[in-house]
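>>> coordinates for the following, if possible.
(2 chains)
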Amino acid sequence: MEDAVNATISEPLDIVKLSLGERVFMKMRGDRTITGTLHAYDAHMNVVLSNVEESIHIVDVNEDGIPQAPRVERRSLEMLFVRGDGVILLSPTQ
Amino acid sequence: MSGGFFGFDTALPGRDNAPSASAPGGTVHGFQARADADSFLGGGGLGGAGEEEDLAVYNWGEGMDTGLLEGGDDFNDETFGDVGDFSQDFQFSSQPAPTPAYRQQPRGPIASTKSHFHPKAQVDLFAATEDDFYSSRPSTKKSTKQNKKKEPEPLWAKASPANQWGASPVAQPRTPTQQPAPAARPPPGQILSLDEIEADLARTNINVPTPPPVQQQQQQPRVLTLEEIESQMVAGTPPPVAHQPPQAQHQQHASQHSIHVPTPPQRNTPPVSAGLNGSGHSQQQQALLDQMFPDLGSVPAPQQQQQVPGGQQAMAPSGPHQPSPEEMAHMEELHRRIAGKIEAMSKHNNLMGNSDKDFITRIQLSQLATADPYSSDFYAQVYSALIRRQQAADGQGPTVVQVAPGLGFGVGAPTGNRFGKMGTASMQRLTTQVKKLVSTTAKRQQSNMSNDALQGALGRVPRARSQVAPRQVLAVPAATKTKHQPINQLNQSTGPTRPALTRKQVMFALEELYDDVLEIEQMRRDAPPPTDVPAVEAWNAACVAKVDEMWNTLMVMEPLGVSNPHPFISLMNPLKGQRLFPRLLRHLPQQQCLTLLTLLIATYPQLDVVSRAPPPPVADSSLLTKADRLDRARREAETDSFLHHVIPGVDAIINQCNLGLVSGLLGICSQRMEVWKVGATRPGVALFTALLSKAQSLVRAPQDPNHPEAQQDPAELEQWHKMFDYFLQIILPHLPELFPSTQAQKVAFGPGAYLIGADAAGANQFNEKEGLEIERREAEVWGLAAALAVNAPEDQQTNLVAALRENILHSVTAARDSHTPRARAEMKLRNVNMFLHGLGLDASMVPT
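Numbering: from 1, shown residues only, chains lettered A, B, ... in the order given. Coordinates of the predicted model:
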């Protein structure tokens, strides 16, 4: 049965298709992660998400050049278009 | 720019140097022909060979290599021998070379786009080219001589400095700062080409003296760029208002080209001057696009005209705020930079000929053509349909233009026909062009079938034919798409039971279902006319087949106990599946709907929204962990979605049932589920209420004298009463527990229990909105209680009241409590009355 599903998944983006309308987790360049409901995507991994929460992982460095503990800044967005060139990975959240 | 830009191989064997390699004597003629083609001055400007078919033939590889030697004018002497003569001839546009007889037509005194840019753009906007190009490619060798004559507008001709700067015959070094002397302008009376006009404009723009005094600078007539205007807006400075009349020469042309109106310099003038051309998006091309899609065209033009009559001050800030010197200096600097930039860009002006641009425009357009214009343009189509409905359907143009069998454009636009007045004509031309293009390409693809075998092959595949078969401009989609049918394998039950579908399988099946539904919806949309009987039959059969396929994918016919949850329930668990439900129902025949409903009810407890119903609310949500909160929110959202998408469909099916079916369904409920557990969830309450109220309306129906045929079968009636009694018997002891407030009370512990228990006092704990929400949910259960009440025989009604006594008293006292917010109190009363009215009672009868 698993084979049956795998048979039609002929290209990587077919897996992304299965996540349409579901919440997905995206890792982005620039130490960002995004979770949101996937609405659309294309071959460039441009993505449209809704109910997005973006987390920016920041490591501050003090004057002595010693890195502080990493902190996370979050913001929520209702609707977001993500340009594909910043996407590192996309996975369903569970 | 090389020929490779178009995806063509420019290096045609033996043709690289065709123009320059020919005899010197003939070369001059060759140039002459090009000059003619360049300026397109006459109808027959394409020369004798071109006249036969009146089609521009593109030979892209040819001429480019030589043409790119822009700076190579130094060798003109050697190539052409006589420099003097040549320099006369070289003014392509401004001073046409000795004219052949056919070009002796009188010309208007004013240059216009029409006269300069080839009239073909008007007559034959979509002059066949790509396909001709393709079909002529293999035979180019034969037609070399022809080509030399017909070749339109070689790139180098346009790009050569002499042409660019109008009449100045010898190429002037075009450093951005150097201004052509005014003497270089064409003599008055001579027709100016658009290039010259643009160059003129650019010149004036650059020539603006930039005196330091602030006031004076404002008086200067200048062409403002959008950036300047914007920056002025930002800076809060009133834009400079020019009072000087524009130069007469400009005025003359301004009347011709609204886009190039430099007079009077308006604040909102879009970037006039060379900037427009620097983008490579010339007016000609804009005109072509405008003609095809007027709605998408250059919007600024009308705005501009609006503002001409005295509108200059309309938008200006009220106070005559004087800009500070710094601001002015900043503006000055900005202006200079912009001017420099424009000048720098203008050296690329006219690198592409009009036919080049047309060609590209057409390629772009042909890419828009799809096999299924309605679906490809789906959202725009639906949106435009909605808008048009709002606008009471004033313009009913076609929303899909079929350009070829199996190819078309979606042209759904909010405002009627996107193709405007002249649209039909251009659309027809476009249609023929694309049709030709498509058929040629399809033919070529047919012959190239062998290449398809390589599709998907990894690595670099040596293609011997790559020289003669460059990348296709237009890929006509292959008609046959192999359709996997894995769902059937999914469907095969391998034993009496099997594991539930995995999430991946569910998602996969759902995507399949969505595809099916979309396809069916599309099929229903393009139904054949009812007069065409065979077509209608075929269409019906196709629809039925598709619905069957969808039905299989739904997996409703799987045995009940095949897995837990049942495959169909698995499909209904995700939000996606719930959203799909009403759309599925629309296509299923009644019998299948009933089957589906029966299955749904039989497996109701397996539904996520029932088995994992959101827990009752707690008094203080800050007690919850974040994960817990998220989980609750998600479950609430799922329940809401289920109630919103699935329940209405269920209601609709139940409404079509007769009493026998309803009692059968109720029997399933009471036998297959723990009614009190399901009833404690909102979906459960909704289902029971729907069944009971439908039964009630059926039982009452015999009293309707208008429908004597709707008489209930006494046996069915009997069965119903039995079923109902059984159901009531099961649910009655648990009835108070179905209420959300009771549930909340039960789960609550610690101080929260007091808060919720004392309803009136607790009302303050929940904020107003939450309180109303709780009442709304209570109302659902009261609705169920009411449905029970109206169905119950009299002796049972007493039991009902007795069972709910606590709840009734609670609600009524809380409603009468002065601490309860008014809105909530009213809702409480209404809820209780909903139940009591079913028994012929009223809340006011309850003693305090």
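>>> helices of chain A, start to end?
Counting by DSSP state H, chain A has these helices, from start to end: A:2-8, A:12-18.
>>> least reliable of those by average pLDDT, please.
Lowest mean pLDDT within the helices of chain A: helix A:2-8, at a mean of 57.
>>> would you point out the helix or strand in chain A whose mean pLDDT is lowest?
Of all the helices and strands that make up chain A, helix A:2-8 has the lowest average by mean pLDDT, DSSP states H and E, namely a mean of 57.
>>> can you pull the domain assignment for chain B?
Listed by automatic domain parsing, the domain ranges of chain B are B:1-152, B:217-350, B:355-454, B:589-845.
>>> flag the shaky bits of chain A, pLDDT-wise.
Where chain A drops to pLDDT under 70, the residues are A:1-9, A:94.
>>> what's the residue closest to the geometric middle of chain A?
Centroid-nearest residue in chain A, with Cα atoms, centre = their mean: A:M26, separated by 1.2 Å.
>>> ok, it - contacts?
With contact taken as Cβ atoms under 8 Å, 6 or more residues apart in numbering or on different chains, A:M26 is in contact with A:T33, A:I34, A:T35, A:G36, A:V47, A:L49, A:V82, A:V87, A:I88, A:L89, A:L90, A:S91. C-beta: built from backbone N, CA, C; applies to glycine.
>>> okay if I get these as TSV plus neighbour count and distance to chain B?
Compiled in TSV, the contacts of A:M26 are given as follows (neighbours: other Cβ atoms under 10 Å in any protein chain shown; distance: Cβ to the nearest Cβ, whole Å):
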residue	neighbour count	distance to chain B
A:T33	17	16
A:I34	22	16
A:T35	15	11
A:G36	24	14
A:V47	23	17
A:L49	24	15
A:V82	22	19
A:V87	18	20
A:I88	12	22
A:L89	11	17
A:L90	22	14
A:S91	12	12
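>>> and B:W539, how close does it get to B:T553?
According to Cβ to Cβ, to the nearest Å, B:W539 and B:T553 sit 21 Å apart.
>>> looking at these two, which one has more neighbours?
B:T553 (22 against 16; other Cβ atoms under 10 Å in any protein chain shown).
>>> what mean pLDDT does the host helix or strand of the more buried one have?
In this structure, B:T553 sits in helix B:533-554 according to DSSP states H and E. Mean pLDDT, computed over helix B:533-554, is 89.
>>> tell me what that helix is packed against?
Here helix B:533-554 touches helix B:486-491, helix B:503-525, helix B:575-587, going by 3 or more Cβ pairs under 8 Å, 6 or more residues apart in numbering or on different chains; DSSP states H and E.
>>> for B:R822, the count of nearby residues, please.
9.
>>> swap in B:S844?
9.
>>> likewise for the one 3 residues further on?
By the criterion of other Cβ under 10 Å, B:P847 has 5 neighbours.
>>> can you check the pLDDT for the residue in the stretch 501-650 of chain B that chain A sits nearest to?
Across the stretch 501-650 of chain B, the shortest distance to chain A (Cβ to the nearest Cβ) belongs to B:M507, at 3.8 Å. Per-residue pLDDT puts B:M507 at 88.
>>> need phi/psi at the residue lying farthest from the centre of chain A.
Taking Cα atoms, centre = their mean as the measure, the residue most remote from the mean C-alpha position of chain A is A:D64, 33.9 Å away. Per-residue torsions, A:D64: phi -80, psi 0 (degrees, to the nearest 10).
>>> please report how far it lies from chain B.
35 Å (Cβ to the nearest Cβ, to the nearest Å).
>>> CA-only coordinates of the helix or strand harbouring B:L836 in PDB, if you can.
Using DSSP H and E, B:L836 sits within helix B:822-838. The C-alpha trace of helix B:822-838 is given here as PDB (Å, rounded to 0.1, in the frame of the first residue of the first chain):
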ATOM      1  CA  ARG B 822     -27.700  41.300  30.200                       C
ATOM      2  CA  ALA B 823     -26.900  39.600  26.900                       C
ATOM      3  CA  ARG B 824     -25.900  36.400  28.500                       C
ATOM      4  CA  ALA B 825     -28.900  36.400  30.700                       C
ATOM      5  CA  GLU B 826     -31.200  36.700  27.700                       C
ATOM      6  CA  MET B 827     -29.400  33.900  25.900                       C
ATOM      7  CA  LYS B 828     -29.800  31.700  29.000                       C
ATOM      8  CA  LEU B 829     -33.500  32.300  29.000                       C
ATOM      9  CA  ARG B 830     -33.900  31.800  25.300                       C
ATOM     10  CA  ASN B 831     -32.000  28.500  25.700                       C
ATOM     11  CA  VAL B 832     -34.200  27.200  28.400                       C
ATOM     12  CA  ASN B 833     -37.300  28.400  26.600                       C
ATOM     13  CA  MET B 834     -36.300  26.500  23.500                       C
ATOM     14  CA  PHE B 835     -36.700  23.300  25.500                       C
ATOM     15  CA  LEU B 836     -39.600  24.400  27.600                       C
ATOM     16  CA  HIS B 837     -41.600  25.700  24.700                       C
ATOM     17  CA  GLY B 838     -41.300  22.200  23.100                       C
END
